[in-house]
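Student: Would you be able to build a 3D model of this:
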Amino acid sequence: MSKVDHPFVPGWQGVAGWTVPGEPPSPFLSFEAGDLGAPFRITHGRDMMFDHGELVQDYNFLDYFFGDPAAPVRARHYLGERSVAAYLPGLPEDANLAQARAAFPEDVLRYLQRRFNAVEVLTGEGYCELWAAA
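Tutor: This next block holds a predicted model:
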């Protein structure tokens with residue numbers, strides 16, 4: 001197996017299943033060479049809506065940004081849910097699921113599949129299930 005550079009940690013190289021030398025294997029310290037679709041930014045947001053001082057809606061979420069910062073693939077995960085919803089820049093407004101599936105970056109999909117039970121994508125028909133765990 002050949003070693004590859006980690007995309008975000010200079011000098012850290014590894015192959016699938018590689019762990020930090022001298023440390024016991026840990027899922028928190030491993031680097032998967034196939035995880036090159038990692039987001040360049042993750043942000044936390046919370047939208048709270050009140051009616052006469054009473055909280056009526058509370059949206060606590062993480063936004064993931066992948067690819068080109070000028071036109072990123074965006075994915076939103078509402079905390080407490082098991083799915084993520086993605087938006088593809090440049091996808092026509094009337095695109096169907098097959099077109100969205102063909103345009104969806106494979107490395108981004110692999111990244112999301114390892115973390116969520118379902119991935120939805122915005123199409124001309126609304127949010128459609130792109131992938132779900134068996």
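Student: Nearest residue to the middle of the chain?
Tutor: Residue closest to the average C-alpha location in the chain (CA atoms, centre = their mean): L112, at 4.3 Å.
Student: Give me the pLDDT value at that residue.
Tutor: Note on L112: pLDDT of 95.
Student: so it makes contact with A85?
Tutor: No. Contact criterion CB atoms under 8 Å: L112 and A85 do not qualify, at 10.2 Å. Heads up, the C-betas are built off the backbone N, CA and C, glycines and all.
Student: what residues do those two have in common as contacts?
Tutor: Common contacts of L112 and A85 (CB atoms under 8 Å, 6 or more residues apart in numbering): A75.
Student: Confirm that the residue nearest to the centre of the chain sits in a helix.
Tutor: Yes. Counting by DSSP: H, G, I helix; E, B strand; the rest coil, L112 is found in a helix.
Student: Now do the contacts for it.
Tutor: Y64, A75, V84, A86, V119, W131.
Student: For the helix or strand containing L130, C-alpha coordinates in PDB please.
Tutor: Using DSSP states H and E, L130 maps to strand 126-132. Extracted C-alpha coordinates of strand 126-132, given in PDB (Å, rounded to 0.1, in the frame of the first residue of the first chain):
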ATOM      1  CA  GLY A 126     -37.900  19.100  -3.600                       C
ATOM      2  CA  TYR A 127     -35.600  17.100  -1.400                       C
ATOM      3  CA  CYS A 128     -35.200  13.500  -2.600                       C
ATOM      4  CA  GLU A 129     -33.400  10.600  -1.000                       C
ATOM      5  CA  LEU A 130     -30.100  10.100  -2.800                       C
ATOM      6  CA  TRP A 131     -28.900   7.300  -0.500                       C
ATOM      7  CA  ALA A 132     -30.000   5.400   2.600                       C
END
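Student: Ramachandran angles for the residue of the chain positioned farthest from its centre?
Tutor: In the chain, the residue that sits farthest from the middle, by CA atoms, centre = their mean, is H52; the gap is 35.9 Å. The phi/psi pair for H52 (degrees, to the nearest 10) reads phi 50, psi 40.
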